[in-house]
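Q: The following block contains a protein sequence and its predicted model.
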Amino acid sequence: MSVAPNERAPIAWAWPAVFGLLTLVVFGGAAAGLKWQWDRWTRPTAASVADCRLAQQLIDEAQAAPSGPADAARWEKGIRQTRYERLADAGISTEVGRYVSWQVVRATGQGERPSAHQFQVMTGNAAGHCDRSGVDLHIPPIAFP
């Protein structure tokens, strides 16, 4: 007595494998799409060339922060007014404002110093705002006494 070979046995694993592969492709594509959208949503805004050049000028000006508390407050207020009036991108304005305030802390000795991590995050964000403008921001480190 001879039995005919079962030709369906090799195919029994094929459908689950195809379904598993299709599932991996769909979920992989969805994950890649979500990652792309998250990166796009969380990256720094794109500042204009004019904003980045002005930001660099304000950062350079911040190197000479006055050491007297009253003078420093007036000086910082003037820079804040310039930022609000002339910088269109709020993101780069915020980062310049942080840098200026930390320079005032350095010059006057009053206020809270940033941690190394806070400074690194600020410089990364500021540079990120100007990445697509073609302007490379040079943000000098702040040497606290």
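A: The structure has been received and is ready for your questions. Predicted model only: the values in this text are computed from it and were never measured. Residues are numbered from 1 along each chain as shown.

Q: Hmm, residue 63 and residue 100 touching each other?
A: No - with contacts counted by Cβ atoms under 8 Å, residue 100 stays clear of residue 63, the gap being 10.3 Å. (C-beta placed from N, C-alpha, C; glycine too.)

Q: quick one: which of these two has more around it?
A: Legend: neighbour count by other Cβ atoms under 10 Å for residue 100 and residue 63, higher for residue 100 (21 against 11).

Q: Count the residues that sit near the closest residue to that one other than its chain neighbours.
A: With sequence-adjacent residues excluded and distances taken as Cβ to Cβ, 6 or more residues apart in numbering, residue 100 is closest to residue 62, at 4.7 Å. Residue neighbour count, defined by other Cβ under 10 Å, stands at 23 for residue 62.

Q: And residue 62, how far from residue 56?
A: Distance, residue 62 to residue 56, using Cβ to Cβ, to the nearest Å: 11 Å.

Q: Residue 30 too?
A: 41 Å.

Q: quick one: the residue nearest to residue 100 and residue 101 touch, right?
A: No - using Cβ under 8 Å, residue 62 is not in contact with residue 101, being 9.2 Å away.

Q: Now the residue most central in space within the chain: which helix or strand?
A: Within the chain, the residue whose C-alpha comes closest to the C-alpha centroid is residue 125; the distance, by Cα atoms, centre = their mean, is 3.8 Å. Secondary structure assignment for residue 125, by DSSP states H and E: helix 116-130.

Q: in that helix, what's buried?
A: Neighbour-count burial for helix 116-130, counted by 16 or more other Cβ atoms under 10 Å, picks out 119, 122, 123, 125, 126, 127, 128, 129, 130.

Q: gap between the longest helix seen in the chain and the chain center?
A: Longest helix in the chain, counting residues (DSSP state H): helix 14-42. Distance, stretch centre to chain centre, for helix 14-42: 26 Å (Cα atoms, centre = their mean, to the nearest Å).
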